[in-house]
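A.B. asks: Mind folding the following:
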Amino acid sequence: MQVPRHVVSDFRFPKRKTLGKLSALAAAPLFGNVSALRAQVTARRVALIIGNSAYPRAALANPSHDATDLAANLKKLGFTVILQLDSSRQQMVESIQAFCKTVAATQSVALFYFAGHGMQIDWQNYLLPVDIDLTRAEDIERQSIDLSGLIAGLGRSGGPTSILILDACRDNPFGASGKTGAGLSQMDAQSNTILAYATAPGNVASDGEGRNGLYTGKLLDEINRPDSKIEDVFKRVRLSVRQGSQGRQIPWESTSLEEDFYFLPLSDQHPLTQDELDARFAKDHDDWTRAQSVGTAKAIFKYLTDHPNGNFSELAQALLNKLLADQGEHRITTQTSAANPYSKGSAEAGSISLGDRYVYLLIDRLTKKERSFVQRVTRLTNDTVEYNHGKFKTDLLGNPIIDSDGAQYDDNQLFASEYEIGKEWVTRFGYTSPDGYKDVIRLTCRVVARETIEVPAGQFNTFRVNVEGWRLYKPSRRRRNYWIAPGTVPRFIALESVNVDHKGAVVKDERRELLSFSRT
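C.D. replies: Have a look, this model is predicted:
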C-alpha cells in the first residue's frame, strides 16, 4: 500500500519548547490523578471465579481449567480469590451474595469471572448452573443467575471498580424458547464498571480445543503485561482472539470506568515528564508510519498491539478491517437493537461512497451569519476521499486531510471507527494553515450519549461525542461536540466548534447542520 502524503509529512516541526507545552497540557488526562493510582495499588482486590463444565446435557471441556488457571494468576496479582467449580444455582447465589457483601465491607476492587453456558431471553442475560434443567423459557429465571441482578448487587456495594468477565457466550443447548438472539445480549456497563464478553453480543464463542478456551487463554497471556491499563488488556485480547479465529470470534467490552486500573500495578507512578511524553508520542507516530508503509494486516495488528489506545488506533482499526475484508475474512458483528432496553447500542462507522452528496448549513454564532455549502464525493482511493474534485479531502472515516480553504492536517482521528457509550480515544496531529503557519492540536474524544436530534435534513438517532483539547502555538482551547448516526449517514449530522484563546475569550463559535444527504 502506498503511503499517502499526509502520513509522511514531517511531524517534528514544533520546537522543543513548544512540544514541552503540549506535553504539560497532555499530562493531565494521562497521569493527572497520581494519588488515585497510588490508592489503587494499596486497595484490596477480591475475585469470585466460577467455572462450570459438568453440565449433564451439554458438558464443556474448558471452563473448569479456565477458572482454575485464572484464579491462580489473579492470586499472584494480589487478589483474594474465591474459586468455585461446577456450581449449582444455590451455590452460585450464595457465593455471589457473600462476594457482594465482602466488596461492600472492604471497599475492594471487585472482579467476577464466569466460564460456562450463558444465554439471553428477552434481552436479559443469564448464567447457567450445572444443575439447570430447562424445558421452556419460563424456567430460566428460577433456575439460573440473572446477570443484571449481579451487576446491581456490585453497584450497591460501592466498590471503587467492578470488572465482570463472561466467557459464557455459547449457544443455548437446553431447549428454552423466546430468545432474542444467540450468545449474550448487549448491555451497557454501569458506573465504575467494565463488562467484557468472550465474543460480540449476539454471537457464539467456541469452547476451544486446548486446556483453555481461546478467549481466556489470550486473557491469561495479557493480564501480566507490565504498565497496561485494563482497557488496553482487553483490546489486545480482542486482537489476538480475532487473529486466532479468523474473525469468527471477536471479544467485546462496555466500560464506564472513571479511574485507570492495572492488573499489574505500575512500577513507577510519577507523572510523565515532558521528555517522556514527547518520546511516547514520537514512537506512536513512527510505529504508525512504519505500519502503513508495510501495508499488511500483520503490520497493523502489531501497531494496535503495541498502541491499543494510540493516537492512530481508530485509523488503524478501520484500515485493519478493510485489509482483512479484502483477504476474505467474514468478520462477525455486534448484534444491536433499538428494542433492547439494557443498552444504547453500538455501531461501526458507515462507508463514504462515490457520488455521496452532503449539504451543510454553517452558522456563525458570533456574527449571526449563515451560509450553506455542498460537498460531493468525486473520487475515492484506498485511503482518501475527495470532494468537489479535490477541493476538500478526508480519510475514509471523514477526518480532514485538506480543508476547503487549503488548510492541511496530518493523520488525525476526530471521527472514530465505531461508536458506543463510554468509548474514549485521543488524537494528536499537526495542522498547517493556508498561509503556511503550523501548529499542533491534541484532543480527547468521548461518546457521552445517545440522542435524537432534529436538523434541517430531518430527525436522527445519533451518538453524541464531546471533544476537549488544545491548539498549542497560538494557545487556544478547542471544544467540539458532534452528533453522528452510523448506518444512516456516514458523516456527521451536526458539529459544533468553539475556540477559546489564552485570555478566555471565545474567538470562534460555529455550528454545522446537515441540510440534505443523498447517494447516487
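A.B. asks: so what strands line up beside the longest strand belonging to the chain?
C.D. replies: The longest strand of the chain (DSSP state E) is strand 438-455. Strand 438-455 sits in its sheet next to strand 424-432 (antiparallel), strand 458-471 (antiparallel), going by DSSP bridges.
A.B. asks: As CSV, could you dump the C-alpha coordinates of it?
C.D. replies: Provided in CSV are the C-alpha atoms of strand 438-455 (Å, rounded to 0.1, in the frame of the first residue of the first chain):
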residue,chain,number,x,y,z
LYS,A,438,2.0,25.4,11.6
ASP,A,439,0.6,24.2,14.9
VAL,A,440,-0.1,21.1,17.0
ILE,A,441,-3.5,20.0,18.2
ARG,A,442,-4.3,17.5,20.9
LEU,A,443,-7.9,16.3,21.6
THR,A,444,-9.6,13.8,23.8
CYS,A,445,-12.9,12.4,22.4
ARG,A,446,-15.6,10.6,24.4
VAL,A,447,-19.0,9.2,23.4
VAL,A,448,-21.3,10.6,26.1
ALA,A,449,-24.9,10.0,25.0
ARG,A,450,-27.4,8.6,22.5
GLU,A,451,-29.6,11.4,21.4
THR,A,452,-32.4,12.1,18.9
ILE,A,453,-31.7,15.4,17.2
GLU,A,454,-33.6,17.5,14.7
VAL,A,455,-31.7,19.3,11.9
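A.B. asks: List the buried residues in it.
C.D. replies: Neighbour-count burial for strand 438-455, counted by 16 or more other CB atoms under 10 Å, picks out 439-445, 447, 450, 453, 455. C-beta coordinates here come from the backbone N, C-alpha and C atoms, glycine included.
A.B. asks: what distance separates it from the centre of its chain?
C.D. replies: Relative to its parent chain, strand 438-455 has a centroid offset of 15 Å by CA atoms, centre = their mean, to the nearest Å.
A.B. asks: now it: mean pLDDT?
C.D. replies: Mean per-residue pLDDT for strand 438-455: 96.
A.B. asks: buried stuff in stretch 102-117?
C.D. replies: In stretch 102-117, counting by 16+ other CB under 10 Å, buried: 102-104, 106, 108-117.
A.B. asks: now stretch 53-69
C.D. replies: The neighbour-count check on stretch 53-69 (16+ other CB under 10 Å) flags 53, 55, 60, 62-69 as buried.
A.B. asks: roughly how far out does it sit from the chain middle?
C.D. replies: With CA atoms, centre = their mean, you get 30 Å for stretch 53-69.
A.B. asks: so what's the most centrally placed residue in the chain closest to, chain neighbours aside?
C.D. replies: In the chain, the centroid-proximal residue (CA atoms, centre = their mean) is residue 423; its distance is 4.7 Å. Residue nearest to residue 423 in three dimensions, not counting chain neighbours: residue 447, with 4.6 Å by CB to CB, 6 or more residues apart in numbering.
A.B. asks: Return the residues in contact with that neighbour.
C.D. replies: 419-424, 463-465 (CB atoms under 8 Å, 6 or more residues apart in numbering).
A.B. asks: Repeat that for residue 212.
C.D. replies: With contact taken as CB under 8 Å, 6+ apart, residue 212 is in contact with 62, 65-66, 69, 220.
A.B. asks: My read is that residue 250 contacts residue 324, right?
C.D. replies: No - Residue 250 is beyond contact range of residue 324, at 10.9 Å (criterion: CB atoms under 8 Å).
A.B. asks: hey, what's in contact with both of those two?
C.D. replies: Contact criterion CB under 8 Å, 6+ apart; residues shared by residue 250 and residue 324: residue 331.
A.B. asks: Please compute how far stretch 442-460 lies from its chain's middle.
C.D. replies: Worked out by CA atoms, centre = their mean, stretch 442-460 lies 17 Å from the chain centre.
A.B. asks: now do stretch 188-203
C.D. replies: With CA atoms, centre = their mean, you get 11 Å for stretch 188-203.
A.B. asks: start to end distance for that stretch?
C.D. replies: By CA to CA, to the nearest Å, the extent of stretch 188-203 from end to end equals 17 Å.
A.B. asks: can you check stretch 384-401 too?
C.D. replies: 8 Å.
A.B. asks: Contacts for that stretch next, please.
C.D. replies: So stretch 384-401 is contacted by 4, 6, 314-315, 318, 322, 349, 351-352, 374-380, 383, 402-404, 407-409, 411-417, 490-492 (CB under 8 Å, 6+ apart).
A.B. asks: Kindly confirm my reading that residue 236 is in a helix.
C.D. replies: Yes - Residue 236: assigned to a helix according to DSSP: H, G, I helix; E, B strand; the rest coil.
A.B. asks: Against residue 169, how distant is it?
C.D. replies: The spacing between residue 236 and residue 169, counted by CB to CB, to the nearest Å, is 19 Å.
A.B. asks: if you count what's nearby, which of these two comes out ahead?
C.D. replies: residue 169 (27 against 20; other CB atoms under 10 Å).
A.B. asks: Excluding chain neighbours, what is closest to the more buried one?
C.D. replies: Nearest residue to residue 169, sequence neighbours excluded (CB to CB, 6+ apart): residue 183, at 4.0 Å.
A.B. asks: count of neighbours near that neighbour?
C.D. replies: Count around residue 183 with other CB under 10 Å applied: 28.
A.B. asks: any idea how far residue 503 is from it?
C.D. replies: Counting by CB to CB, the gap from residue 183 to residue 503 is 54 Å.
A.B. asks: Not counting sequence-adjacent ones, nearest residue to residue 131?
C.D. replies: residue 88 (4.4 Å).
A.B. asks: the helices in the stretch 151-300 of the chain, which residues?
C.D. replies: 214-222, 230-245, 274-294, 297-306 (DSSP state H, counting those that start in this stretch).
A.B. asks: okay, these, which one's buried deepest?
C.D. replies: helix 214-222 (a mean of 22; mean count of other CB atoms under 10 Å).
A.B. asks: what does that helix contact?
C.D. replies: Contacts for helix 214-222 (CB under 8 Å, 6+ apart): 62, 66, 69-70, 73, 115, 165, 167, 198-199, 205-206, 208, 210-212, 228, 233, 236-237, 240-241, 244-245, 249, 251.
A.B. asks: So for it, mean pLDDT?
C.D. replies: Rounded mean pLDDT across helix 214-222 is 96.
A.B. asks: Right, I'll call it a day here.
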